[in-house]
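S.K.: Starting from these lines, generate the structure:
(chains A and B)
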Amino acid sequence: MTTTMPEVPGVRESTSPADKPRRVKRGGGVMSSTGLYIATGMAGFFFLVPFYLLIRNALSTDADITGENWKFFPTDIQWGNISELFNDGTVPFAQSLWNSAVVATLHTTGVLLVCSLAGYGLARIPYKHANKVFYAVLGTLMVPTAVTFVPSFVLVSSLGWVDTYRGLIVPGLFSGFTCFLFRQYFLGFPKELEEAARVDGLGYWGAYWRIVVPNSLNFFAAMATITFINGWNSFLWPLVIGQSPDAWTVQVALSNYMTNQTVIFHMIFMATAFSILPLVFVFLFLQRWLVQGIAQTGIKG
Amino acid sequence: MSTTNTRDLARPAPAKASPAKPRRGLRGSPTFNFWLFTGPFLIGLAIFVYAPILWSLWLSFFEARFTVTPDKFVGFDNYTYMLTNDDFVGSLGTFTAFAAFIVPTTWALSLGLALLVNRLRFMRAFFRSVFFLPTACSYVAASLIWKMSIFSGVRFGLMNTVLDWFGIDNIAWLVDPNPPWYWVVIVSARLWLQSGFYMILFIAALQNIPGELYEAAAIDGAKPGWQTFRYITLPQLRATSTAVVLLLLVAAYQAFDEFFNLLSKTTWGRPPLVELYYKALGESQDYGAGSAGAVILTVLICAVTLLQGKFMGFGRGEESK
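M.R.: Here you go, the predicted structure:
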């Protein structure tokens, strides 16, 4: 962007007061900032098109969607599509939404509990073999979880967990990556706080729950948000485990809409909209933590 | 649940232990606490991560069709079978090419978006959200929008409508592998889904670059724009770039969701995982060959990861600083 306006910022730079150096230097002139907004706006437009199509199609009739001429907006907004979706008997969509909610929530709770404890133990509790244990955890990062889905499926099916919440949730709880992120985070947690707790007579367990966790809520919220999104959006494992329609998560249900013999466009898109809606709320209300969390993981990662 | 636990455990402690020696007894022993904290995770890791990996290794040396407790040892037959299987080897090759293309592209796009957003003064949060919002969508949802609306092969698909405005004939995006238009569909869906996430990483990294570096560069006569980007921004982003490329690589080889959904019932463009899915869980239920394929894929991913680590240094320079 600035390559087109090399002179102006340089001149400004040398004369500007030091109070806002970054802004002035990177800002450029009016011209370059117009270009900047045009470029960003165009990119933003392309990023929003799929959402626009989703909403347009979800609230249209099939005649509008497949019609001769392109319609930018539905002729009549079809709110009735919502009730049609939930009253449709061919795919148990409401059930799949509920399954996804249960699975994603329990998945998040479990991952946070198990991985944070382990991360803290690895980061802060002195033990002579702690390094070996840590390498055993790191080693699992080399083997992508998706690759082991065949043996995992075999294991879970021999436990009789196919088509159950247990089968959907439990195998995914032991994320080496999340554990690693928690360890990295706890390594940077101020030691003084824990030492103070120790002086006050708390053991590791007490210090963890009373001092460390309450002071790490931001990080926990960030990890929770990311874990929830991943849990809600995961597809391969639920596809493998959820064999009967009652155990489908919303992603599997969507996938089935796509391969159905009869394609009812407005219903498929309404279903997709409902599958995204919960996460849009998560994004609206938790974006701050989410951004923080991603940023923290990236810098450490 | 946390509150009850803490009270039970924490209350007796002050009474028993004097402040000077707080770590006495089992409850204070570091070794006991280490296992208390890591135990649940490690047990789960052993059962649900290590056991499947080892079981898979074991299965890969046996003839295991329709059974997971085989008794016919076949040595490396499953491996030779998979490595001479054109579908599987072809998909490994295709996906190495796919990774070689999608990784730099996503890297460049997310960095570009980060640079744009980072320089905005107004509506910065708005645009950040716009680019970030696709992260909320699953690959399945995106596949559906792409397949049914944007790249629908019929006349009312968005792309075909737009092409029609310019007088270009409809393109069968997904149902015809010649020419392979389906890559346009897959790549654009993946870029849309992934870029926002990595953009956030880059924005965070950009904001961590000390402003003094730019001041110093300006004093030394570096022109803002390409020069500062090339000699300050890019090197400062090295650690983040390494992490992003690593994550992208692993994700590319593990591609499954959108291929499974976009190209269902087709025989082209199958990534390794889709091949394995049909091999192991399809009609033949060949767990032995499926496991051998999984091992091969794992080895390949590890090799590529290590190679990348060697070239980009795993951000080691950052740590030693």
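S.K.: hey, let's count contacts and neighbours off CA atoms from now on
M.R.: Noted.
S.K.: Point me to the residue of chain B nearest chain A.
M.R.: Among all residues of chain B, residue B:38 sits closest to chain A, at 4.0 Å; criterion: C-alpha to the nearest C-alpha.
S.K.: elements contacting the strand or helix carrying that residue?
M.R.: Residue B:38 belongs to helix B:30-45 when assigned by DSSP states H and E. If you count contacts as 3 or more C-alpha pairs under 8 Å, 6 or more residues apart in numbering or on different chains; DSSP states H and E, helix B:30-45 packs onto helix A:93-124.
S.K.: which of the residues in the very next helix or strand once past the helix it packs on are buried?
M.R.: For helix A:93-124, the following helix or strand on the C-terminal side (DSSP H and E) is helix A:130-142. By neighbour count on 16 or more other C-alpha atoms under 10 Å in any protein chain shown, the buried set for helix A:130-142 is A:130, A:134, A:136-137, A:140, A:142.
S.K.: re the thing from before, measure how far the helix holding residue B:38 is from the centre of its chain, please.
M.R.: Centroid separation for helix B:30-45 versus its chain: 28 Å, with C-alpha atoms, centre = their mean, to the nearest Å.
S.K.: got the contact list for that helix?
M.R.: The set of residues external to helix B:30-45 that reach it, using C-alpha atoms under 8 Å, 6 or more residues apart in numbering or on different chains, is A:114-115, A:117-122, A:125-127, A:171, A:173-175, A:204-205, B:26-27.
S.K.: Only the buried subset of these, as a PyMOL command please.
M.R.: Selection of buried members from the contacts of helix B:30-45 for PyMOL, criterion 16+ other C-alpha under 10 Å:
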select buried, (chain A and resi 114+115+117+118+119+120+121+122+125+127+171+173+174+175+204+205) or (chain B and resi 27)
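S.K.: which stretches of the stretch 151-300 of chain A aren't confidently modelled?
M.R.: For the stretch 151-300 of chain A, residues meeting the criterion pLDDT under 70 lie at A:261, A:296-300.
S.K.: And the strands in it?
M.R.: Taking DSSP state E, counting those that start in this stretch, the stretch 151-300 of chain A contains no strands at all.
S.K.: low-confidence ranges in the stretch 201-321 of chain B?
M.R.: Flagging of the stretch 201-321 of chain B using pLDDT under 70 yields the residue ranges B:264-269, B:281-283, B:312-321.
S.K.: what does it put close to chain A?
M.R.: Contacts of the stretch 201-321 of chain B with chain A, taken as C-alpha under 8 Å from any C-alpha of the partner chain, map to B:201, B:204-205, B:211, B:214-215, B:218, B:223-226, B:239-240, B:243-244, B:250, B:254, B:256-257, B:261, B:264, B:273, B:277, B:280-281, B:287, B:290-291, B:294, B:297-298, B:301-302.
S.K.: Take those residues and keep only those in helices.
M.R.: B:201, B:204-205, B:211, B:214-215, B:218, B:226, B:239-240, B:243-244, B:250, B:257, B:261, B:273, B:277, B:280-281, B:287, B:290-291, B:294, B:297-298, B:301-302 (DSSP state H).
S.K.: Now list the buried members of those.
M.R.: Neighbour-count burial (16+ other C-alpha under 10 Å) applied to these gives B:201, B:204-205, B:214-215, B:218, B:239-240, B:243-244, B:250, B:257, B:261, B:273, B:277, B:280-281, B:287, B:290-291, B:294, B:297-298, B:301-302.
S.K.: any idea which helix or strand carries the residue nearest to residue A:66 when sequence neighbours are not counted?
M.R.: Nearest non-adjacent residue to residue A:66, counting by C-alpha to C-alpha, 6 or more residues apart in numbering or on different chains: residue B:156, 5.5 Å away. Of the helices and strands defined by DSSP H and E, none includes residue B:156.
S.K.: ok, longest helix in chain A?
M.R.: Under DSSP H, chain A gives helix A:265-300 as its longest helix.
S.K.: For chain B, give me its nearest residue in the stretch 51-200 of chain A.
M.R.: For the stretch 51-200 of chain A, C-alpha to the nearest C-alpha, closest residue to chain B: residue A:118, 4.0 Å.
S.K.: Could you double-check that that residue lies in contact with residue A:181?
M.R.: No: look at residue A:118 against residue A:181 with C-alpha atoms under 8 Å: they stay out of range, at 10.6 Å.
S.K.: joint contacts of the two?
M.R.: Common contacts of residue A:118 and residue A:181, defined by C-alpha under 8 Å, 6+ apart, are absent altogether.
S.K.: Chain B contacts on the stretch 51-200 of chain A?
M.R.: Counting by C-alpha under 8 Å from any C-alpha, the stretch 51-200 of chain A comes close to chain B at A:53-54, A:65-70, A:114-115, A:117-122, A:125-127, A:140, A:142-148, A:150-152, A:154-155, A:171, A:173-175, A:198-200.
S.K.: and the stretch 201-301 of chain A, which residues reach chain B?
M.R.: Proximity of the stretch 201-301 of chain A to chain B (C-alpha under 8 Å from any C-alpha) is limited to residues A:201-206, A:209-210, A:229, A:233-236, A:251, A:254-255, A:258-259, A:265, A:269, A:272, A:275-276, A:279-280, A:283, A:291, A:294-295, A:298-299, A:301.
S.K.: count of neighbours near residue B:191?
M.R.: Neighbourhood size, residue B:191 [other C-alpha atoms under 10 Å in any protein chain shown]: 19.
S.K.: Whichever helix or strand it is part of: how far from the chain's middle?
M.R.: If you go by DSSP H and E, residue B:191 is part of helix B:182-207. Remark: helix B:182-207 is offset 11 Å from the chain centroid, using C-alpha atoms, centre = their mean.
S.K.: same check, this time on stretch B:199-216
M.R.: Using C-alpha atoms, centre = their mean, the offset of stretch B:199-216 from its chain centre is 24 Å.
S.K.: How about stretch B:85-94?
M.R.: 21 Å.
S.K.: so where do the helices sit in the stretch 1-150 of chain B?
M.R.: Counting by DSSP state H, counting those that start in this stretch, the stretch 1-150 of chain B has helices at residues B:2-10, B:12-16, B:25-28, B:30-45, B:51-59, B:77-84, B:86-119, B:124-132, B:139-145.
S.K.: Show me the one of the ones you listed that comes nearest residue A:35.
M.R.: Across the helices of the stretch 1-150 of chain B, residue A:35 has its closest neighbour in helix B:86-119 (10.3 Å, C-alpha to C-alpha).
S.K.: Contacts only, for the residue nearest the centre of chain A.
M.R.: Nearest residue to the geometric centre of chain A (C-alpha atoms, centre = their mean): residue A:229, 3.0 Å. Counting by C-alpha under 8 Å, 6+ apart, residue A:229 makes contact with A:104, A:279, B:136.
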